[in-house]
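Q: build me a model:
(one chain, ligands or ions: 1)
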Amino acid sequence: MSSLQPSPADTSSQRWAWWPLLPLYPYGRRPTLMRELVPNRVWCFEQLHGVWYVAVPIRMSVVKVDGGLMLYSPLAATEEVIRGIHALENAHGPVLSIVLATSSGLEHKLPVPALCRAFPRAALWVSDRQWSFPLQLPSSWLGFPADRTKILFRDGLPHPDQLSWIPLGPINLGLGTFNEVACLDHDSGSLLVTDALVSISSDPPPIFALDPTPLLFHSRQNGSERLTDTPSNRLNGWKRIVLFANFFKPVSVQVTSLHQSIGHMFGPFCRNRRSHFGFYPFQWSEDWEAEFDSLFSSGRCVQPDLMLSPVLERLVFPRHKEMFISWLRELSNYHDIKSLISCHYHAPMRITSIQLDAYAESLTGRDWARSEKSWTTLASIDQFLLRLGIVPPQA
Ligand SMILES: [Fe+2]
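A: Numbers count the residues shown, from 1 in each chain. Model (predicted):
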């Protein structure tokens with residue numbers, strides 16, 4: 001693992017000028033962690049992104065291919081990131097292709113233009129049915145370079161001798177289309193996925209070593225508490241972030257009244273921007289960790305678990321269970337899969353085709369797109385969109 005951390009005086013290399021287009025934490029400064037996941041074959045660049053310190057990793061993978069490199073899932077191309085990729089180019093050859101393997105993940109789409117400008121000789125491959133909101137703009141208006149943009153499958157596939165491409169979708173989301181393409185690097189057995197599968201562990205991902213503030217912020221009982229860096233606070237903060245990110249409003253948290261929240265803002269540890277001046281309008285129930293454990297197939301997180309995130313299950317696939325399971329079955333036909341590298345949460349996770357098949361089997365027998373307990377908020381969003389006629393009721 002290698003951090004790209006510059007000296008304190010050189011944080012300008014972490015500047016991301018395009019953050020107002022998607023104003024997520026950490027806004028205009030995006031520290032990046034670079035890790036080698038498979039020696040001399042697969043690397044990743046990771047940043048954080050999120051709302052109100054509910055920050056999870058977002059990841060771009062780099063794969064060594066014949067003659068150079070492929071970048072899977074663009075990331076904010078700060079100077080720090082570009083410098084790191086140039087270091088890989090010096091050792092392994094030029095960036096040949098950049099792949100945007102989702103049609104709907106805005107957080108992966110927005111970095112495309114800047115990354116393409118940084119690597120002007122690379123081909124850009126995108127999944128079909130790209131869309132924009134509120135206006136459906138041509139791809140070139142979104143900053144995709146018209147002279148080197150190709151559509152996956154329609155215009156061929158990048159590096160087909162070394163990589164297999166497995167599509168998931170399309171699904172009509174009303175405003176646009178969900179269409180994602182997984183990529184299997186046969187040499188390393190790495191399965192690259194954008195959003196459709198994640199690996200979640202109870203330990204905070206390594207990027208939080210650069211700055212644990214989001215973990216410490218959410219580990220507290222109320223806003224008047226000092227941000228204290230201890231292993232258990234990091235752990236608790238991560239688990240609560242996972243609950244927020246997966247369920248939006250976990251049942252084990254109550255939003256406190258404005259009066260109560262403001263009442264916590266006058267303590268001695270509140271007078272700083274890092275702690276949002278003590279504003280923390282949440283109260284966690286005593287058994288909140290049980291809700292975290294409920295995320296996992298065994299009812300408890302004993303190791304990183306493979307999952308479709310509840311947000312996708314309830315808001316993208318609620319009426320497409322069979323499509324998702326068929327995709328898992330198709331993945332499980334590749335017996336050389338060794339690890340999952342998703343664009344969020346933990347990576348890599350060691351998996352086998354047998355595990356993928358077992359996961360597909362477990363989904364066939366369980367309730368899908370639930371509406372009770374932790375799932376209540378997600379379900380109400382889905383029902384709201386259905387009522388407005390924004391998402392179609394039928395598969
Ligand atoms: Fe994503």
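Q: report the buried residues of the longest helix seen in the chain.
A: Longest helix of the chain, by residue count under DSSP state H: helix 231-247. Across helix 231-247, burial judged by 16 or more other CB atoms under 10 Å covers 233-247. Heads up, the C-betas are built off the backbone N, CA and C, glycines and all.
Q: for the very next helix or strand once past it, name the packing helices and strands.
A: Stepping forward along the backbone from helix 231-247, the first helix or strand reached (DSSP states H and E) is strand 253-255. Packing partners of strand 253-255 (3 or more CB pairs under 8 Å, 6 or more residues apart in numbering; DSSP states H and E): helix 231-247, strand 282-284.
Q: residue 340: neighbour count?
A: Counted with other CB atoms under 10 Å, residues neighbouring residue 340 total 24.
Q: who's in contact with it?
A: 191, 193, 197, 199, 306, 347-349, 351 (CB atoms under 8 Å, 6 or more residues apart in numbering).
Q: repeat that with 10 Å
A: Shown in contact with residue 340 (CB atoms under 10 Å, 6 or more residues apart in numbering): 182, 190-193, 197-199, 304, 306, 331, 346-351, 355-356.
Q: make a ChimeraX selection of the buried ones in those residues.
A: Filtering the contacts of residue 340 down to the buried ones (16+ other CB under 10 Å) takes a single ChimeraX command:
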select :182,190,191,192,193,197,198,199,304,306,331,346,347,348,349,351,356
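Q: quick one on the thing from earlier: adding mean pLDDT, write the helices and strands packed on strand 253-255 out as a markdown table.
A: Listed next are these as a markdown table, based on pLDDT from 0 to 100:
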| stretch | mean pLDDT |
| --- | --- |
| helix 231-247 | 97 |
| strand 282-284 | 93 |
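Q: which of the ones you listed sits closest to the ion?
A: With CB to the ion as the measure, helix 231-247 is the member of the helices and strands packed on strand 253-255 nearest the ion (11.0 Å).
Q: buried set for the strand or helix carrying residue 383?
A: Assigned by DSSP H and E, residue 383 belongs to helix 376-387. Buried positions in helix 376-387, judged by neighbour count with 16+ other CB under 10 Å: 376, 378-379, 382, 385.
Q: again, but for stretch 354-364
A: In stretch 354-364, counting by 16+ other CB under 10 Å, buried: 356, 359-360, 363.
Q: please flag which of these sit within strands.
A: Nothing among the buried residues of stretch 354-364 maps onto strands, per DSSP state E.
Q: can you pull out the helices in the protein?
A: Ranges of helices in the chain, per DSSP H, are 79-92, 106-109, 112-118, 213-218, 231-247, 258-263, 288-293, 310-315, 321-332, 353-364, 376-387.
Q: including distance to the ion, could these go into a markdown table?
A: As requested, the helices of the chain are exported to a markdown table (distance: least, CB to the ion, whole Å):
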| stretch | distance to the ion |
| --- | --- |
| helix 79-92 | 17 |
| helix 106-109 | 5 |
| helix 112-118 | 13 |
| helix 213-218 | 17 |
| helix 231-247 | 11 |
| helix 258-263 | 30 |
| helix 288-293 | 21 |
| helix 310-315 | 9 |
| helix 321-332 | 16 |
| helix 353-364 | 20 |
| helix 376-387 | 16 |
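Q: and these, which one averages the lowest pLDDT?
A: When those are compared by mean pLDDT, helix 258-263 comes last with a mean of 82.
Q: now that one - C-alpha only, CSV.
A: What follows is helix 258-263, C-alpha atoms only, in CSV (Å, rounded to 0.1, in the frame of the first residue of the first chain):
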residue,chain,number,x,y,z
LEU,A,258,-33.5,21.6,16.7
HIS,A,259,-33.7,22.9,20.2
GLN,A,260,-31.9,19.8,21.6
SER,A,261,-29.3,19.9,18.8
ILE,A,262,-28.5,23.5,19.3
GLY,A,263,-28.3,23.0,23.1
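Q: who are the packing partners of it?
A: strand 282-284 (3 or more CB pairs under 10 Å, 6 or more residues apart in numbering; DSSP states H and E).
Q: next, count neighbours for residue 255.
A: Neighbours of residue 255 (other CB under 10 Å): 11.
Q: residues touching it, list them.
A: The contact partners of residue 255, by CB under 10 Å, 6+ apart, come to 249, 261, 281-283.
Q: for residue 319, same thing?
A: Listed by CB under 10 Å, 6+ apart, the contact partners of residue 319 are 171, 368-369, 382, 386, 391-395.
Q: any idea how far it lies from residue 236?
A: To residue 236, residue 319 is 36 Å away according to CB to CB, to the nearest Å.
Q: what's the answer for residue 278, then?
A: 19 Å.
Q: so who does residue 371 touch?
A: Contact analysis of residue 371 by CB under 10 Å, 6+ apart lists 314, 318, 378-380, 382-383.
Q: and if you look at residue 82?
A: By CB under 10 Å, 6+ apart, the contact list for residue 82 reads 13, 114-115, 117-119.
Q: looking at the contacts of residue 340, which are in strands?
A: 182, 190-193, 198-199, 306, 349-350.
Q: out of those residues, which comes closest to residue 94?
A: Residue 94 has its nearest neighbour among the ones in strands among the contacts of residue 340 in residue 192, at 19.8 Å by CB to CB.
Q: what does this protein have sitting close to the ion?
A: The chain comes close to the ion at residues 105, 195, as judged by CB under 5 Å from the ion.
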